[in-house]
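1. One predicted model, sequence on top.
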Amino acid sequence: MTLPDHGRFGYSPIVSRPRFSWPGGARLALYVAVNTEHFGYGEGGLGLPYSPGLPHPNTYNWAWREYGNRVGGFRLAELLSRHDIRPTVLLNTADYDHAPELMAAYRAGGAEFVGHGHTNSVHPNELDERAERELVDRVYRAIEAHEGGPPAGWMSPGANPSRVTEDLLAERGFRYTLDWPMDDQPVWLRTRGGPLLSVPYPHEVNDVPMVVMHHGTAEAFAAMVVDSFDELLEQSRAQPLVFGISVHTFIVGQPFRLRRFRAALEHIRRRGEGVWLTTAGEIARYYRDEVCPPPGDGR
């Protein structure tokens with residue numbers, strides 16, 4: 001019996017892939033995604049709450065997230081800059097108006113800005129196609145206006161895309177998505193707007209599921225980062241891989257978690273041979289231009 005399928009890509013085992021290398025002969029491409037998010041006060045969803053069941057206005061949860069915009073985000077920007085890691089910022093574009101100084105700090109660090117909706121209070125899977133198209137267009141235009149060029153990448157708020165999100169992204173001009181955490185190498189997706197690249201995104205090495213959902217400690221999250229890095233670096237001797245680390249300004253930006261995360265980054269930097277420290281967008285660009293062009297372009 002054939003099960004329902006998304007129709008975006010076919011099955012492809014990791015052991016049967018073409019050989020290639022990342023720039024400079026690197027075997028492991030590593031990026032750090034920093035989620036900068038803003039929520040409406042007293043309305044909409046607040047995602048994963050630290051105090052479930054409280055009615056709006058849920059001041060406690062709103063303020064928990066606001067810590068990331070006021071404090072934690074700056075601490076993470078400084079930490080990544082000190083380790084020469086360009087951030088991949090998953091941006092709620094509401095932060096352009098709400099926290100412009102934070103955006104400037106990441107811009108100064110050479111960040112790539114990835115569309116992450118306008119606010120995490122609204123998920124694409126809650127919208128009809130017309131409203132979602134307007135959201136995608138609003139985010140695209142906001143990043144283009146503030147950064148001097150259009151965004152290449154997208155990550156849905158709440159990691160909650162709809163059935164047509166990929167179609168709308170390709171039609172609007174996005175080049176890649178982070179919504180499909182199903183591989184350690186990029187994968188081309190089929191959409192009605194043409195091919196869209198899926199860049200590996202970490203569902204596990206991600207402070208939301210690890211810390212908030214599964215109550216992991218700061219030490220456990222840092223150990224997860226180190227163990228994943230060491231294992232993937234070893235595995236990458238056989239084939240090139242991608243390692244993403246996802247943190248949120250209000251979670252790993254908390255002092256006791258930041259301290260452990262700093263130690264994990266120091267470990268990565270000490271074992272940096274064969275590692276390409278980059279952004280998700282640079283991974284997508286190199287894969288598209290140098291490794292595997294989109295299906296049907298004639299190359």
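-> Everything's here; your move. Numbering: from 1, shown residues only.
2. Find the least confident helix or strand in this structure, judged by mean pLDDT.
-> helix 59-67 (a mean of 90; mean pLDDT, DSSP states H and E).
3. Give the buried residues for whatever helix or strand comes next after it.
-> Sequence-wise, the next helix or strand downstream of helix 59-67 (DSSP states H and E) is helix 73-82. Buried residues in helix 73-82, counted by 16 or more other C-beta atoms under 10 Å: 73-77, 79-81. For every residue, glycine as well, the C-beta is placed using N, CA and C.
4. So which elements touch helix 73-82?
-> Here helix 73-82 touches strand 28-36, helix 100-108, helix 255-270, going by 3 or more C-beta pairs under 8 Å, 6 or more residues apart in numbering; DSSP states H and E.
5. Pro150 - how many residues pack around it?
-> Neighbour count of Pro150, defined by other C-beta atoms under 10 Å: 15.
6. Could you measure from the closest residue to it other than its chain neighbours over to Pro151?
-> Leaving aside its chain neighbours, Pro150 sits nearest to Glu144 (4.4 Å; criterion: C-beta to C-beta, 6 or more residues apart in numbering). The gap separating Glu144 from Pro151 is 7 Å, by C-beta to C-beta, to the nearest Å.
7. give me every residue that touches the most centrally placed residue in the chain.
-> By C-alpha atoms, centre = their mean, the chain has its centre lying nearest to Ala33, at 4.7 Å. Residues near Ala33 by C-beta atoms under 8 Å, 6 or more residues apart in numbering: 87-90, 114, 155, 178, 201-202, 244-247, 280.
8. Beta-bridge partners for it, please?
-> Thr88, Ser246 (DSSP bridges).
9. Can you show me the strands along the protein?
-> Remark: strands assigned in the chain by DSSP state E are 28-36, 88-91, 112-115, 153-154, 176-177, 187-189, 196-198, 241-248, 275-277.
10. Can you tell me which of the ones you listed is packed in deepest?
-> Greatest average neighbour count among those goes to strand 88-91 (a mean of 29), per mean count of other C-beta atoms under 10 Å.
11. Identify the residues contacting it?
-> 31-36, 103, 106, 111-116, 143, 153, 155, 178, 246, 279-281.
12. how about the helices and strands packed on helix 73-82, which one is nearest Pro186?
-> strand 28-36 (9.4 Å; C-beta to C-beta).
13. what's the angle from the closest one to helix 73-82?
-> 160 degrees (axes from the mean of the first three to the mean of the last three C-alpha atoms, to 10 degrees).
14. got the CA coordinates for strand 28-36 in PDB?
-> Output of strand 28-36 as PDB, limited to C-alpha atoms (Å, rounded to 0.1, in the frame of the first residue of the first chain):
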ATOM      1  CA  LEU A  28      32.500  19.600   6.800                       C
ATOM      2  CA  ALA A  29      30.500  22.800   6.200                       C
ATOM      3  CA  LEU A  30      29.400  24.300   9.500                       C
ATOM      4  CA  TYR A  31      27.000  27.200  10.200                       C
ATOM      5  CA  VAL A  32      25.400  28.700  13.300                       C
ATOM      6  CA  ALA A  33      21.800  29.800  13.000                       C
ATOM      7  CA  VAL A  34      20.800  32.500  15.500                       C
ATOM      8  CA  ASN A  35      17.000  32.900  15.800                       C
ATOM      9  CA  THR A  36      16.000  36.500  16.500                       C
END
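15. Would you check the distance separating that strand from the middle of the chain?
-> 7 Å (C-alpha atoms, centre = their mean, to the nearest Å).
16. what about Glu231, neighbour count?
-> Count around Glu231 with other C-beta under 10 Å applied: 12.
17. let me fix that: Asp289
-> Neighbours of Asp289 (other C-beta under 10 Å): 10.
18. which ones are touching it?
-> Per C-beta under 8 Å, 6+ apart, neighbours of Asp289: none.
19. gap between it and Pro150?
-> 17 Å.
20. same question, Pro87
-> 19 Å.
21. thinking again about what came up before, redo the strands of the chain as TSV? Include distance to Pro55 and mean pLDDT.
-> Formatted as TSV, these follow (distance: least, C-beta to C-beta, whole Å; pLDDT from 0 to 100):
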stretch	distance to Pro55	mean pLDDT
strand 28-36	26	98
strand 88-91	29	98
strand 112-115	31	98
strand 153-154	32	98
strand 176-177	34	98
strand 187-189	39	98
strand 196-198	38	98
strand 241-248	24	98
strand 275-277	44	98
